[in-house]
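**Student:** sequence unknown, structure follows:
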């Protein structure tokens with residue numbers, strides 16, 4: 001199993017190199033001049049040129065790329081022109097907010113989609129099956145930003161039962177003591193009930209928006225995989241042997257149907273990392289997605305490059321976790337078959 005994970009890790013090295021090269025090239029193609037933007041409209045050409053020299057933008061692209069690689073090898077992602085802070089520090093401070101939102105949305109999607117897909121397969125042709133199709137069609141059809149805007153308008157502006165879409169906590173509630181960076185966990189560990197309830201309320205709408213977006217492929221794959229396995233000979237043999245229906249479904253059918261579901265689960269998680277950018281913008285969520293959007297608007301190269309590189313690393317780690325789960329579920333993977 002370890003050998004398999006190491007081989008998978010080795011195959012990701014070219015991908016990381018490609019991400020670094022493409023990200024560097026694309027950020028240089030962004031419209032606008034960062035030096036002119038931060039110098040201001042009233043700045044003289046001489047002042048703009050001084051800023052360009054200070055930022056290293058007066059050098060050729062190959063020279064800038066070599067300097068960028070040198071900084072990466074030393075763990076330096078540069079400084080943000082907007083805040084003046086190191087990009088590594090900014091991403092480290094904002095990553096827990098994005099991770100909490102993504103994981104809660106994924107948990108909601110899994111809790112709803114997998115049981116719904118299993119029931120739709122077992123009760124094929126019934127109202128549960130039709131409900132599964134409606135839910136998956138709606139999830140695929142509705143863009144995540146539209147769902148977020150709709151929820152914010154309906155539950156905050158119209159019904160006024162949801163808090164303002166203004167971040168992780170209401171302005172009148174103090175943040176819990178920083179332990180993990182996850183407000184729900186930190187407030188629970190410190191016994192801060194007010195912060196826990198406040199964080200849960202703020203998290204509800206963006207997490208549900210992302211969960212609706214992600215549960216569609218999970219439910220469809222679970223249903224399709226279960227239908228394929230339920231028609232197998234060994235399932236008919238298990239039923240003919242007099243085993244209880246729930247034993248046949250969960251101990252035999254679902255265990256053999258879960259591998260494709262795990263694959264889709266990894267894809268869904270990667271989709272959610274991208275959807276974070278839109279949802280965080282809609283709900284003013286202080287994560288790395290909103291950080292990247294603000295950097296794009298101001299042509300701030302370093303945060304954009306840092307964001308893309310962070311997403312690439314997270315995607316690689318995610319693939320390794322999926323490979324590890326394969327080994328836990330299917331012994332043939334552990335044996336290298």
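**Tutor:** On my side now, so go ahead. Everything numeric here is computed off the predicted structure, so don't read it as measured data. Numbers count the residues shown, from 1 in each chain.

**Student:** from here on, contacts and neighbour counts on C-alpha atoms
**Tutor:** Noted.

**Student:** so what's residue 78 up against?
**Tutor:** Going by CA atoms under 8 Å, 6 or more residues apart in numbering, residue 78 touches 71, 86-88, 302-303.

**Student:** typo on my end, it should be residue 213
**Tutor:** 139-140, 142-144.

**Student:** next: residue 286.
**Tutor:** Per CA under 8 Å, 6+ apart, neighbours of residue 286: 94, 97-98, 167-168, 280.

**Student:** for those, pick the one with the most neighbours.
**Tutor:** Tallying neighbours with other CA atoms under 10 Å puts residue 280 at the head of the contacts of residue 286, with 26 neighbours.

**Student:** whichever helix or strand it is part of - what's its average pLDDT?
**Tutor:** Per DSSP states H and E, residue 280 falls inside helix 255-282. Across helix 255-282, pLDDT averages out at 85.

**Student:** show me how far it is from its chain's centre.
**Tutor:** 7 Å (CA atoms, centre = their mean, to the nearest Å).

**Student:** between the helix or strand just after it and helix 255-282, how big is the angle?
**Tutor:** Next along the chain after helix 255-282, taking DSSP H and E as the criterion, comes helix 288-297. For helix 288-297 against helix 255-282, the angle by axes from the mean of the first three to the mean of the last three CA atoms, to 10 degrees is 50 degrees.

**Student:** so which bits of helix 288-297 are buried?
**Tutor:** Residues 288-296 are the ones in helix 288-297 that count as buried (16 or more other CA atoms under 10 Å).

**Student:** and what of stretch 153-161?
**Tutor:** residue 156.

**Student:** show residues contacting that stretch.
**Tutor:** Outside stretch 153-161, the residues that touch it by CA under 8 Å, 6+ apart are 162-165.

**Student:** just the buried members of those residues?
**Tutor:** When the contacts of stretch 153-161 are checked against 16+ other CA under 10 Å, the ones flagged as buried are 162-165.

**Student:** and which of those is nearest residue 54?
**Tutor:** Nearest to residue 54, judged by CA to CA, of the buried ones among the contacts of stretch 153-161 is residue 165 at 38.2 Å.

**Student:** count of neighbours near the nearest residue to that closest one once chain neighbours are set aside?
**Tutor:** Nearest residue to residue 165, sequence neighbours excluded (CA to CA, 6 or more residues apart in numbering): residue 283, at 4.6 Å. By other CA under 10 Å, the residues close to residue 283 number 22.

**Student:** contacting residues for residue 283?
**Tutor:** 148, 152, 165-167, 206.

**Student:** which ones among the residues you listed are found in helices?
**Tutor:** Mapping the contacts of residue 283 onto helices (DSSP state H) picks out 148, 206.

**Student:** using JSON lines, please lay out the contacts of residue 283 together with distance to residue 265.
**Tutor:** Compiled in JSON lines, the contacts of residue 283 are given as follows (distance: CA to CA, whole Å):
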{"residue": "148", "distance to residue 265": "22"}
{"residue": "152", "distance to residue 265": "27"}
{"residue": "165", "distance to residue 265": "28"}
{"residue": "166", "distance to residue 265": "29"}
{"residue": "167", "distance to residue 265": "27"}
{"residue": "206", "distance to residue 265": "19"}
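
**Student:** nearest to residue 60, of the contacts of residue 283?
**Tutor:** Among those, and counting by CA to CA, the member closest to residue 60 is residue 167, at 40.3 Å.

**Student:** make sure that closest one is actually in contact with residue 281.
**Tutor:** No. Counting by CA atoms under 8 Å, residue 167 does not reach residue 281; the two are 9.9 Å apart.

**Student:** which neighbours do the two have in common?
**Tutor:** Between them, residue 167 and residue 281 share no contacting residue, judged by CA under 8 Å, 6+ apart.

**Student:** quick one: buried ones out of the contacts of residue 213?
**Tutor:** 139, 143-144.

**Student:** what ranges in this structure fall below the confidence cut-off?
**Tutor:** Along the chain, the parts satisfying pLDDT under 70 run over 1-5, 8, 30-33, 39-41, 330-337.
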